[in-house]
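>>> Just the structure for this:
(chains A and B)
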Amino acid sequence: KNQVEQSPQSLIILEGKNCTLQCNYTVSPFSNLRWYKQDTGRGPVSLTIMTFSENTKSNGRYTATLDADTKQSSLHITASQLSDSASYICVVTKNTGTASKLTFGTGTRLQVTL
Amino acid sequence: NAGVMQNPRHLVRRRGQEARLRCSPMKGHSHVYWYRQLPEEGLKFMVYLQKENIIDESGMPKERFSAEFPKEGPSILRIQQVVRGDSAAYFCASSPYPGQPKNSPLHFGNGTRLTVT
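Predicted coordinates:
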């Protein structure tokens, strides 16, 4: 079982609508959580990074939230655009002491249509 | 300032051949990570290298796979005697910081898509 679970697996929305993507994790001890956007055929690009003490962080129309107690995060996209069509990947960093390791979720595939 | 450059973008090999994947990190980045992505799966860590040193290769298969990051030139991920199961997208990421940084994103290349026929 993956230590980072994302839902939904895929999502189709109309341009201009809002949507929320979910990420649940069991990785411990937790260091930070990142959301990446991966366009088809491209590498992931970081959207937000949140540490244990941060509850919310915004990057333009993207707003990420983190509840470290329930080990849940969400990514909210406001006023979606066609260019938002991509996979959104939740990545949790485990603090191993001397180093840290990233665990990637399998992503949510978002398609924004006219 | 160019991003992480990977080449080739697409690579086709027959079973039993060798595949060499190259990664040039961002300028000023001396830490390189390789990840593999299978269809419908998340990225899986393979190896972490600094210049001339392998720091963590816990995610890399012990046979047929090797990686290097020489003092001069790009990092190379080498897969010998490829099999169909090696078909995947291989991503390289770089960072100016040691370890997998706590408060800084990795910068990814656009990957090499390896197809084994």
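>>> Quick check: which ranges of chain B have low pLDDT?
Applying pLDDT under 70 to chain B picks out residues B:1, B:99-103.
>>> Spell out, range by range, the helices that occur in it.
In order along the chain, chain B carries no helices (DSSP state H).
>>> does residue B:16 really touch residue B:80, like I thought?
No - taking contacts as Cβ atoms under 8 Å, residue B:16 lies outside contact range of residue B:80: 9.1 Å. Any C-beta I mention is one placed from the backbone N, CA and C, and that applies to glycine too.
>>> which residues touch residue A:26?
A:3, A:4, A:71 (Cβ atoms under 8 Å, 6 or more residues apart in numbering or on different chains).
>>> Where does pLDDT dip in chain A?
Looking at chain A by pLDDT under 70, you get A:1-2, A:96-100.
>>> who in it is up against chain B?
Proximity of chain A to chain B (Cβ under 8 Å from any Cβ of the partner chain) is limited to residues A:2, A:4, A:31-32, A:34, A:36, A:41-46, A:49, A:51, A:89, A:93, A:95, A:98-107.
>>> Mark which of these are buried, thanks.
A:4, A:31-32, A:34, A:36, A:43-46, A:49, A:89, A:93, A:95, A:100-107 (16 or more other Cβ atoms under 10 Å in any protein chain shown).
>>> how near is the residue nearest in space to the middle of chain B to chain A?
For chain B, the residue nearest the mean C-alpha position is residue B:34 (3.2 Å; Cα atoms, centre = their mean). Distance check for residue B:34 against chain A: by Cβ to the nearest Cβ, to the nearest Å, it reads 12 Å.
>>> these two touch, right, that residue and residue B:79?
No - counting by Cβ under 8 Å, residue B:79 is not a contact partner of residue B:34; they are 10.9 Å apart.
>>> one step back: nearest to chain B, of the contacts of residue A:26?
Using Cβ to the nearest Cβ, residue A:4 comes nearest to chain B of the contacts of residue A:26, at 7.4 Å.
>>> Let me see the backbone angles for the closest one.
Dihedral angles of residue A:4 (phi, psi; degrees, to the nearest 10) stand at phi -130, psi 110.
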